[in-house]
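*Asks:* Provided below are the primary sequence and the corresponding predicted coordinates.
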Amino acid sequence: MLLWIAMAVLTVAASLAVLIPLGRPTRATSANAGAARSIYRDQLDELARDRERGLIGEGEAEAARIEISRRLLNSDAAGSGTPSAPQAYRIERLIAVVAIPLIAIGAYLYVGSPLLPDSPFASRQAQESGQGGVDELIAKVEAHLAANPEDGRGWEILSPIYMRLGRYDDAVRALGNAKRLLGSTAERESLYGEALTRASGDVVTEDARAAFDKALKFDPDEPRARFYLALSLGQSGSKDEAIAAWNALIATTPADAPWLASARAELAKLQPTSTVPPDAPGAPAAPGPTAEDVAAAAEQSPVEREQMINGMVAGLAAKLEADPTDTTGWERLFRAYMVLGRTDDAKASLARARNQLIEKPDLLAVVEKSAHDIGIGKD
Amino acid sequence: MTRKQRRLTLISLAGIVLASAVGLVLFALSDGITFFTSPSDVLANRPSPEQRVRLGGLVEVGSVVKEADGLVRFAVTDGKSSLQARYVGIVPDLFREGQGVVAEGKVDANGVFIADTVLAKHDETYMPKEVVEALKQSGEWRPEDGAAPQAGNP
Amino acid sequence: MIVELGHYALVLALILALAGGTLPFWGALRGDERLMTIASTTSIAQFVFVAMSFGALTYAYVVSDFSVQNVVENSHTLKPLLYKISGVWGNHEGSMLLWALILVLFGGLVALFSDNLPLKLKALVLAVQSWISAAFLLFILVASNPFLRLNPAPFQGRDLNPVLQDVGLAIHPPLLYLGYVGCSISFAFAIAALIDGRIDAAWARWVRPWTLAAWCFLTLGIAMGSYWAYYELGWGGWWFWDPVENASFMPWLAATALLHSAIVMEKREALKIWTILLAILTFSLSLLGTFLVRSGVLTSVHAFATDPTRGIFILCILCVFIGGAFSLFAARAGTLSQGGLFAPISREGALVLNNLLLTAACATVLVGTLYPLALEAITGEKISVGAPFFDMTFGPMMVPLLIAVPFGPMLAWKRGDIVAAGQRLLFAFGAAMAVMIVGLALMGTPSALALFGVALAVWLMVGALSEIAFRIKLGRASLAESWRRGAGLPRSAWGTMVAHFGVGVTVLGVIGATAWQSETIASLKPGQSMTIDGRTLTMDGFVPISGGTFTGTGVRFSVREGGNLVAVLEPEKRIYTVQNMPTTESAIKTFGFSQLYVSVGDIAADGSTVVRVYWKTLVALIWLGSLIMTAGGVLSLSDRRLRVGAPKPARRSLAIPAE
């Protein structure tokens, strides 16, 4: 309502900008001709000053004086327009009162969104906290990390979410930070390499390859790193080596591994006897271990994404229910709950951990410490 | 001077200035411009050692060698061929293997590109148009054709 | 609500611009004064509405209202407040809104502060200005609307680029736009004069302060952009002849020419047609610059074709206004009355030479900027026209101009005495020759070209001083008499002197930084040293740095001259943590007017890093000279006689806004 009132006020102001001059008597015309004349008089004054100071010779000064005087006379002769006869200005008034408001409102309704309220970030945070859309949760974690950029675990939690949402560049920097702060492991390096690969449109870049090589130094069997390195060989044209790498990977892969099919498809593409039709997808690196998840995430609605994330957290909780000795798992769960704003769940899970680890005080101490660090129960 | 002479003087002055401007522009256009090329173009049609060239492509993977005193050796590739390049100085923050690069300089008698400027755009997704096209082509490469792109793996 | 109100205010501004472009125009044709005064009220109202609109967008940025698409794309909650605000014009849509805001600002200023302009001329000027505003407001609403909304709104914005978070970059565009768009006023005056059919010395005086103000802003804006590129990009270069730079430099050259030809017109009523043409050209080049920068045509002709709506829209605006203006010019130029006569050797003659050389130089820049685009569009061949082209064309055009500069103010109007002028400049000539000869004796012939440049700079500076010395009879009369004369000299004369002196200063800086810069590259480990230009840089070691949004490493150098510590420099490699984006910060230390410029490369595993050091002789003079030129402009602008509509010295209360 306020908007419409304010718009009405503005519209009236706009109409008045046209209406007021129409109703106001104008100044005498002679004032206008005076404007040009005053400039020429000023020039004559200046000429006199220059002559006084000897900046200009007598002859030249006289010539200039005549020239300026001639201009002065001309400007008088030119005079000015005829004073306007009193008129009704019917058309002009109609324009001001009817056309301006109608066109303005009409055009605005065409381009504007009058029903959409402002939504400043601060008020939305207050309003929506606790209800949690995925974007909001991510924003919260990002805000937390901006305040504590040295929180490596936070970066690590955020990275798979970025990956699933297809924000690969963000995943690269999150994993990069996690790696820098928590140190390299086979898993972190290969995830990092994967993010790099995805970020550059499924091309295994040199940086990515370095990451995979590093991962294999930690764990020569790391399947993700082996998968992408094989892919990289294929991309660089080292066909035979690529085939060997794929064969080696497939040979050591459990039959139920989700990436097995992708690996076979890649292998098939490389072998000349392949039955794959020649117009197979151009980008050779499409399916990685999480390709289907990613494709799914990209098509998901926000609600579905939220369910996916909640599903991941629930999965972790269930895993800990089965194996409570995984202290890093607990820490991860606490942190997830905290950054998602589900403090009550965090407290509840801490209580569960206490119950289940009652027999193992040394492990419980670790869990208690991480709960304390994360800040559960502080408020 | 008569009015006519004055006018003639002015017009001839304008003529002289204009003619010299046109002359300078034509002279400079034959000499002072730089052609935008790709490594394939350079190899196929090597520019003379005096000709300034703007070379666009990707930094070939595994080719960057940083030597003492700031000499950087690298190769620029467009997916089809690659060209050795040398540059003395600090390469930009975004100069990385496998990333797009635009280098300006001359090709010396040995066919090595001597860059005096190396640019990597402040945009990680930037790639020269030629490179994108070359990459698209290598994406369409099929095993049956047998011709693998030999230029590293971007 | 605030955002939508801003959107509505923008629509209203468009409607008022249309009304303000037609009704007063109609009034001027009929001689109807009431209709003509509508021009003033609608111009002021347009400014108020666009300002509200701009304020609403700024508000959306400050509070991070992510229901506005433009905010989502160009902001982020974590940006510092200053960069949230500068983000308003850091993108296409917002910068066009700023463009429009400045356009209507100038219209509003003319409406408010030109009370003594003849009503008809004022109505026509404001009507033309309104037409330009209408075109750009329509462009904003149709093709680059910053008020488009998103529902549901995303929770976070997308832009947090640390390279763009820089104070220089935040204030550079508004300054440049004030200059660019300020040229629209002289354009509007020119069109109004053509429509009116009356153009005289008074016209030139009315138009001059606006041109001068725009020129001052343009000078500052270009200088700032150049300094930003110098310290931020880490290459030590201060001018790249980049098309974006050229886009602002061409209007500057044209505006400089216009400034000078308007003097001739004001004093002698000569060069009428030429001045009108220059006024049209200057704004056309501003529009062309906007088109080049905004359409994406610069990156590639093909990029333009991929998103053609905006480019074609601006191209249409360009064609309508430039085409319309030139058609009107062609139709009316012949009817303008003949101006005053003058001999080739005269103040007028000198200013004609200035104009010829400036416009020819401007044309060479235009060719260099557009030729690659034309070639790519026609033949598909891609070339880049860089510094060598401009050095070969622009440089030679400037030499005769700079030699002629000190002569101009020394020559009398109408018929000058070049011998007398030469005699008065004898001292300046002697000083320049002395510098040249001493320099040649010390440095030998290889530096002859550079020494010629230095001599030229000395000639310009001493020449400017000689002119004032002559005018106040310094040394030929008592000091008290000279003082009295100096105080009595019009400020515009002082302004001319200061601005010409500034040109000399800039030339000296350009020559120094080009001819005598030295550059050394070395790979150093802590404890090792390198020397440049008699100074020794020792790398002391690495210092961890951290500044809130970034961490990184500073590399500390101590600089010694003859064993004495003269400076400690600390260039940095930063990593912005949230983006994981590396940036390089160079360190600069000024010695006198020269600068030591140090930047470092990546730090290798063995602790060595590549260090690039420049010694930039007199480089600071480039920007100091630009500041002096601007100061000259401001001084001239403050001249009582130039104040818009101040008919008598007594009426001092009337001031023009740009003061």
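*Replies:* The structure has been received and is ready for your questions.
*Asks:* Sticking with residue 12, tell me its helix or strand.
*Replies:* All of this is about chain A. Assessed by DSSP states H and E, A:Val12 sits inside helix A:2-23.
*Asks:* Sorry, I should have been clearer: chain B.
*Replies:* Assessed by DSSP H and E, B:Ser12 sits inside helix B:3-31.
*Asks:* Helix or strand next in line after the helix holding A:Val12, which one?
*Replies:* Note on helix A:2-23: by DSSP H and E, the next helix or strand toward the C-terminus is helix A:30-52.
*Asks:* quick one: average pLDDT of that next one?
*Replies:* For helix A:30-52, the mean pLDDT works out to 72.
*Asks:* for A:Gly375, what are its contacts?
*Replies:* A:Gly375 is in contact with A:Met338, counting by C-beta atoms under 8 Å, 6 or more residues apart in numbering or on different chains. C-beta: built from backbone N, CA, C; applies to glycine.
*Asks:* Where does the prediction get shaky in chain B?
*Replies:* Along chain B, the model assigns pLDDT under 70 to residues B:1, B:32, B:68, B:94, B:120-154.
*Asks:* count of residues packed around B:Pro47?
*Replies:* B:Pro47 has 16 neighbours, counted by other C-beta atoms under 10 Å in any protein chain shown.
*Asks:* Domain parsing of the chain, as residue ranges.
*Replies:* Went with chain A since none was named. As given by automatic domain parsing, the domain ranges for chain A are A:2-111, A:184-297, A:300-374.
*Asks:* Not quite, go with chain B.
*Replies:* Split by automatic domain parsing, chain B gives B:1-33, B:35-141.
*Asks:* for the residue positioned nearest the centre of chain B, which residues make a bridge with it?
*Replies:* The residue lying closest to the centre of chain B (C-alpha atoms, centre = their mean) is B:Arg54, at 1.0 Å. Legend: beta-bridge partners of B:Arg54 under DSSP bridges are B:Phe36, B:Glu104.
*Asks:* okay, and for the chain, where does confidence drop off?
*Replies:* Since no chain was named, I'll use chain A. Applying pLDDT under 70 to chain A flags the ranges A:25-35, A:53-57, A:76-87, A:126-136, A:272-308, A:339-341, A:377-379.
*Asks:* switch to chain C, that's the one I care about
*Replies:* Using pLDDT under 70, chain C drops low at C:159-164, C:234-235, C:296, C:298-307, C:337-340, C:548-549, C:577-580, C:640-659.
*Asks:* what are the ranges of the strands in it?
*Replies:* Applying DSSP state E to chain C gives strands spanning C:383-385, C:518-524, C:529-532, C:535-546, C:550-561, C:564-569, C:572-576, C:581-585, C:587-591, C:594-603, C:609-616.
*Asks:* want to throw these into TSV with distance to A:Gly106 and mean neighbour count?
*Replies:* Putting the strands of chain C into TSV (distance: least, C-beta to C-beta, whole Å; neighbours: other C-beta atoms under 10 Å in any protein chain shown) gives the following:
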stretch	distance to A:Gly106	mean neighbour count
strand C:383-385	48	20
strand C:518-524	63	17
strand C:529-532	68	15
strand C:535-546	56	16
strand C:550-561	50	18
strand C:564-569	62	13
strand C:572-576	47	20
strand C:581-585	46	18
strand C:587-591	56	17
strand C:594-603	57	22
strand C:609-616	59	24
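*Asks:* and of the ones you listed, who's closest to C:Ile468?
*Replies:* Among the strands of chain C, the nearest to C:Ile468 by C-beta to C-beta is strand C:594-603 (28.1 Å).
*Asks:* how about the residues of the stretch 251-400 of chain C near chain B?
*Replies:* Counting by C-beta under 8 Å from any C-beta of the partner chain, the stretch 251-400 of chain C comes close to chain B at C:300, C:302, C:341-344, C:349, C:352-353, C:356-357, C:360-361, C:363-364, C:367-368, C:371-372, C:381-386, C:388-393, C:396-397.
*Asks:* and chain B, which residues reach chain C?
*Replies:* Residues of chain B lying near chain C (C-beta under 8 Å from any C-beta): B:1, B:3, B:6, B:9-10, B:13-14, B:17-18, B:20-21, B:24-25, B:27-29, B:31-36, B:52, B:54, B:66, B:68-70, B:88-91, B:93, B:104, B:117, B:122, B:129.
*Asks:* Output the helix holding A:Val12 as CSV, restricted to C-alpha atoms.
*Replies:* Below are the C-alpha coordinates for helix A:2-23, written out as CSV (Å, rounded to 0.1, in the frame of the first residue of the first chain):
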residue,chain,number,x,y,z
LEU,A,2,2.8,2.3,1.0
LEU,A,3,4.4,1.7,-2.4
TRP,A,4,1.3,2.8,-4.2
ILE,A,5,1.0,6.0,-2.1
ALA,A,6,4.7,6.8,-2.7
MET,A,7,4.3,6.1,-6.4
ALA,A,8,1.2,8.4,-6.5
VAL,A,9,3.3,11.2,-4.9
LEU,A,10,6.0,10.8,-7.4
THR,A,11,3.5,10.8,-10.3
VAL,A,12,2.0,14.0,-9.0
ALA,A,13,5.4,15.6,-8.8
ALA,A,14,6.1,14.6,-12.4
SER,A,15,2.9,16.1,-13.6
LEU,A,16,3.6,19.3,-11.7
ALA,A,17,6.9,19.6,-13.4
VAL,A,18,5.0,20.2,-16.6
LEU,A,19,1.9,21.9,-15.1
ILE,A,20,3.6,24.6,-13.0
PRO,A,21,5.5,26.4,-15.9
LEU,A,22,2.2,26.4,-17.9
GLY,A,23,0.4,28.4,-15.2
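*Asks:* How far off centre is stretch C:495-515?
*Replies:* Offset of stretch C:495-515 from its chain centre (C-alpha atoms, centre = their mean, to the nearest Å): 16 Å.
*Asks:* Stretch C:314-332 too?
*Replies:* How far stretch C:314-332 lies from its chain's middle: 24 Å, per C-alpha atoms, centre = their mean.
*Asks:* which parts of it are buried?
*Replies:* For stretch C:314-332, burial by neighbour count (16 or more other C-beta atoms under 10 Å in any protein chain shown) applies to C:314-315, C:317-318, C:321-322, C:325, C:328-329, C:332.
*Asks:* Can you give the contact residues for stretch C:316-334?
*Replies:* C:131-132, C:135-136, C:139, C:187, C:190-191, C:194-195, C:197, C:273, C:276-277, C:280, C:283-284, C:287-288, C:291.
*Asks:* at 10 Å what do you get?
*Replies:* C:128, C:131-132, C:135-136, C:138-139, C:184, C:187, C:190-191, C:193-197, C:199, C:272-274, C:276-277, C:279-281, C:283-285, C:287-288, C:290-291, C:295 (C-beta atoms under 10 Å, 6 or more residues apart in numbering or on different chains).
*Asks:* on that earlier part again, which helices and strands sit right next to the helix holding B:Ser12?
*Replies:* Counting contacts by 3 or more C-beta pairs under 10 Å, 6 or more residues apart in numbering or on different chains; DSSP states H and E, helix B:3-31 packs against helix C:347-379, strand C:383-385, helix C:387-404.
*Asks:* I figured C:Ala190 was touching C:Ser261, is that so?
*Replies:* No - with contact defined as C-beta atoms under 10 Å, C:Ala190 does not reach C:Ser261; the gap is 11.8 Å.
*Asks:* picking that back up, contact partners for the residue nearest to the centre of chain B?
*Replies:* Contacts were defined as C-beta under 10 Å, 6+ apart; by that measure B:Arg54 touches B:33-37, B:102-105, B:115, B:117, B:119, B:128, C:382-384, C:386.
*Asks:* With C:Phe113 as the reference, name the closest of the strands of chain C.
*Replies:* strand C:587-591 (40.0 Å).
*Asks:* what comes into contact with that closest one?
*Replies:* For strand C:587-591, contacts defined as C-beta under 10 Å, 6+ apart pick out C:230-231, C:236, C:533, C:535, C:554-557, C:559, C:561, C:566-572, C:595-600, C:614-617, C:619-620.
*Asks:* now do 6 Å
*Replies:* Contact with strand C:587-591 is made by C:567, C:569-571, C:595-598, C:620, as judged by C-beta atoms under 6 Å, 6 or more residues apart in numbering or on different chains.
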